[in-house]
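Asker: no sequence for this one, just the structure:
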């Protein structure tokens with residue numbers, strides 16, 4: 001081990017912590033909270049100068065079937081139904097993967113209850129459908145999120161939260177769809193105006209209302225602080241320390257100095273995936289072109305450290321897909337409601353539709369990739385009234401549209417034929433595609449891809465639009481086309497783990513003292529995304545399980 005650094009306190013030198021958690025997103029914060037509950041003394045290290053990870057930039061929702069708010073609502077889940085759903089998504093899974101999935105289903109509600117007991121105020125999205133409506137066991141209303149949180153409750157710690165300076169109204173996930181419809185209907189307009197007005201009033205009163213991912217990580221950080229758990233920012237993990245094959249600590253670099261942090265109870269890797277590491281994406285995914293939406297620090301630190309001590313990995317060729325509007329070479333916009341609302345379609349480089357645009361982002365993103373959207377230009381074609389009728393975070397801003405028009409990632413033309421020429425698409429093919437789709441829209445039935453037929457398709461659509469909430473003809477000029485790519489929210493493969501979040505070696509044996517959760521580990525859902533918040537729910541649940549196992553192992557040592 002290295003000698004004590006000059007900046008190390010006497011308390012640290014005396015062993016004020018015995019478990020090191022690497023990363024400060026939902027997985028890491030929940031792991032630290034659980035470890036503290038179990039009698040361990042966790043330390044959270046974060047290489048960035050701000051805490052919260054990609055969770056802070058996300059919608060902040062958790063897919064938890066049978067969650068405590070459902071129970072309070074009297075909406076009792078049949079565990080067998082939920083199990084059929086997840087097992088149906090996994091298909092021919094081996095015993096270990098089934099054990100991980102079952103561990104999630106059994107533990108996620110308990111994890112949510114534990115956090116509620118620590119002070120988290122959960123609210124529920126009662127209308128959000130699961131992402132695979134045709135799979136047996138699918139359901140509605142299984143998604144949780146943190147209620148609005150006042151950032152001032154964190155005192156000085158708030159200033160170092162990722163996105164602390166962002167000044168946007170605190171919305172719940174259900175309100176995203178409401179805001180999108182604010183220009184087209186009185187009800188959504190009034191609700192949006194009231195939400196914005198309440199937000200501005202609270203800001204005037206000195207509060208800092210937070211929603212979505214920022215609310216979640218802030219609420220978790222309040223628990224971390226109340227439990228006296230130490231957080232070190234700007235502290236990068238360099239490597240894991242081992243002793244006779246067991247992980248016993250980490251070497252970190254902080255302020256240009258390296259030191260070894262002992263972790264006799266273990267190390268929990270929750271440092272995300274490798275979506276921002278071009279070399280790893282080329283090596284493990286064979287991809288030169290990617291459009292990531294994760295934070296810049298998502299560079300594969302946990303994966304590299306685990307592999308260096310003999311860990312195995314799996315499904316690292318896959319991602320959490322998210323169709324993304326390409327604003328320029330360095331910026332994307334998530335294409336969520338854009339794809340489901342009436343008045344838009346997605347076409348390939350031949351000017352043809354090839355999918356149900358309103359399906360889940362995991363499904364559509366993968367289909368886009370499989371149809372060549374990473375190597376050729378695919379376009380979101382929009383009716384002339386589309387951007388005037390609906391509200392979007394990026395495309396509704398004139399300055400963003402102007403930037404995209406200048407970079408060639410957005411085009412506007414008076415006719416479909418002229419738009420095809422600007423986009424380099426076959427004119428006759430695009431005109432035929434639009435004409436065929438328009439006929440479907442007027443009839444209310446997509447004969448090619450059944451868009452708008454399921455509850456999920458309609459969730460992000462316009463319920464006032466008839467006869468099909470998701471199908472709207474493209475017939476009003478000027479028409480728009482935005483470049484759309486198979487982006488991602490992160491990588492969903494990672495270190496190979498078991499149902500206790502223990503990292504496994506290449507012989508399928510646990511590496512003593514090493515755990516992984518979140519995108520640092522392979523997903524318990526295989527190559528699927530069961531419902532809104534499945535990534536954060538799995539991250540928090542396996543962070544919870546990792547801490548429980550580490551505490552038991554340490555107490556029995």
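Answerer: That came in fine, so what should we check first? Worth saying up front: this structure is predicted, and the values here are computed from it rather than measured. Residues are numbered from 1 along each chain as shown.
Asker: only C-alpha atoms from now on, for both contacts and neighbour counts.
Answerer: Noted.
Asker: ok, then the element right after the one helix or strand residue 240 maps to?
Answerer: When elements are assigned from DSSP states H and E, residue 240 belongs to strand 235-243. Sequence-wise, the next helix or strand downstream of strand 235-243 (DSSP H and E) is strand 246-254.
Asker: could you tell me the angle between that following strand and strand 235-243?
Answerer: 150 degrees (axes from the mean of the first three to the mean of the last three CA atoms, to 10 degrees).
Asker: show me what strand 246-254 is packed up against.
Answerer: In terms of contacts (3 or more CA pairs under 8 Å, 6 or more residues apart in numbering; DSSP states H and E), strand 246-254 is packed against strand 235-243, strand 257-262, strand 266-269, strand 510-516.
Asker: residue for residue, what is the longest strand the chain has?
Answerer: Ranked by residue count, the top strand of the chain under DSSP state E comes out as strand 479-491.
Asker: run the chain-centre distance for that one.
Answerer: 16 Å (CA atoms, centre = their mean, to the nearest Å).
Asker: same for it, what does it pack against?
Answerer: Using 3+ CA pairs under 8 Å, 6+ apart: strand 479-491 touches strand 319-326, helix 361-370, strand 378-382, strand 410-413, helix 416-423.
Asker: pipe the ones you listed into TSV and attach mean pLDDT and mean neighbour count per row.
Answerer: Below are these laid out as TSV (pLDDT from 0 to 100; neighbours: other CA atoms under 10 Å):
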stretch	mean pLDDT	mean neighbour count
strand 319-326	97	26
helix 361-370	97	21
strand 378-382	98	26
strand 410-413	98	22
helix 416-423	98	19
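Asker: so which of the ones you listed is nearest residue 267?
Answerer: Ranking those by proximity to residue 267 (CA to CA) places strand 319-326 first, at 24.9 Å.
Asker: which strands border the helix or strand following that closest one, and is each parallel or antiparallel?
Answerer: Using DSSP H and E, the helix or strand that follows strand 319-326 towards the C-terminus is strand 332-334. If you go by DSSP bridges, strand 332-334 pairs up with strand 319-326 (antiparallel).
Asker: return the distance of the strand it pairs with from the chain's centre.
Answerer: So, by CA atoms, centre = their mean, the centroid of strand 319-326 is 11 Å from its chain's centroid.
Asker: next, the angle strand 378-382 makes with that strand.
Answerer: Using the same axes, to 10 degrees: strand 319-326 against strand 378-382 is 60 degrees.
Asker: what angle sits between strand 319-326 and helix 361-370?
Answerer: Between the axes of strand 319-326 and helix 361-370, defined by the same axes, to 10 degrees, the angle is 70 degrees.
Asker: identify the residues contacting the strand holding residue 240?
Answerer: 22, 45-48, 247-255, 301, 305-306, 309 (CA atoms under 8 Å, 6 or more residues apart in numbering).
Asker: what of stretch 348-359?
Answerer: 131, 339-341, 345-347, 364, 367, 371, 373, 376-379, 420, 424-427, 429-430, 433, 449-452, 456-458, 460, 470.
Asker: just the buried ones among these, please.
Answerer: When the contacts of stretch 348-359 are checked for burial by 16 or more other CA atoms under 10 Å, the buried set is 131, 339-341, 345-347, 364, 367, 371, 373, 377-379, 420, 425, 427, 430, 433, 450-452, 456-458, 460, 470.
Asker: out of these, which are inside strands?
Answerer: 345, 346, 347, 378, 379.
Asker: can you redo the residues you listed as a markdown table with distance to residue 40?
Answerer: Shown next, in a markdown table, are those (distance: CA to CA, whole Å):
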| residue | distance to residue 40 |
| --- | --- |
| 345 | 53 |
| 346 | 52 |
| 347 | 54 |
| 378 | 51 |
| 379 | 52 |
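Asker: and the two most separated of the residues you listed?
Answerer: Most distant of those, by CA to CA, are 345 and 378, 10.6 Å apart.
Asker: now do residue 527 against residue 89, distance only.
Answerer: 8 Å (CA to CA, to the nearest Å).
Asker: which parts of the stretch 151-300 of the chain are helices?
Answerer: 174-180, 186-204, 212-226, 278-285 (DSSP state H, counting those that start in this stretch).
Asker: closest one to residue 478 among the ones you listed?
Answerer: Nearest of the helices of the stretch 151-300 of the chain (CA to CA): helix 174-180, 20.7 Å.
Asker: what is the neighbour count of the residue nearest to residue 65 when sequence neighbours are not counted?
Answerer: Leaving aside its chain neighbours, residue 65 sits nearest to residue 142 (4.9 Å; criterion: CA to CA, 6 or more residues apart in numbering). Neighbourhood size, residue 142 [other CA atoms under 10 Å]: 26.
Asker: can you check residue 302 too?
Answerer: By other CA under 10 Å, 29 other residues sit near residue 302.
Asker: so which strand or helix has it?
Answerer: Using DSSP H and E, residue 302 falls within helix 301-308.
Asker: got the buried residues for that helix?
Answerer: 301, 302, 303, 304, 305, 306.
Asker: ok, back up a step: would you turn the helices and strands packed on strand 246-254 into TSV with mean pLDDT and mean neighbour count?
Answerer: Below are those laid out as TSV (pLDDT from 0 to 100; neighbours: other CA under 10 Å):
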stretch	mean pLDDT	mean neighbour count
strand 235-243	97	19
strand 257-262	97	19
strand 266-269	98	30
strand 510-516	98	26
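Asker: so which of those comes closest to residue 72?
Answerer: Nearest to residue 72 among these is strand 510-516; the distance by CA to CA comes to 31.9 Å.
Asker: the following helix or strand past the closest one vs strand 510-516, what angle?
Answerer: Counting by DSSP H and E, the next helix or strand C-terminal to strand 510-516 is helix 534-556. For helix 534-556 against strand 510-516, the angle by the same axes, to 10 degrees is 130 degrees.
Asker: what mean pLDDT does helix 534-556 have?
Answerer: Here helix 534-556 scores 97 as its mean pLDDT.
Asker: now do the helices in the stretch 1-150 of the chain.
Answerer: 10-13, 26-37, 68-72, 79-90, 95-117.
Asker: indicate which one of those helices is closest to residue 543.
Answerer: Closest approach to residue 543 among those (CA to CA): helix 26-37, 4.3 Å.
Asker: now that closest one: mean pLDDT?
Answerer: pLDDT averaged over helix 26-37 gives 98.
Asker: residues in contact with that helix?
Answerer: For helix 26-37, using CA under 8 Å, 6+ apart, the contacting residues are 19, 21-22, 41-44, 52-53, 55, 216-217, 220-221, 223-224, 227, 229, 268-271, 517-518, 536, 539-548, 550-551.
Asker: now do it: distance to the chain's middle.
Answerer: Worked out by CA atoms, centre = their mean, helix 26-37 lies 19 Å from the chain centre.
Asker: what's the angle from it to helix 212-226?
Answerer: Using the same axes, to 10 degrees: helix 26-37 against helix 212-226 is 20 degrees.
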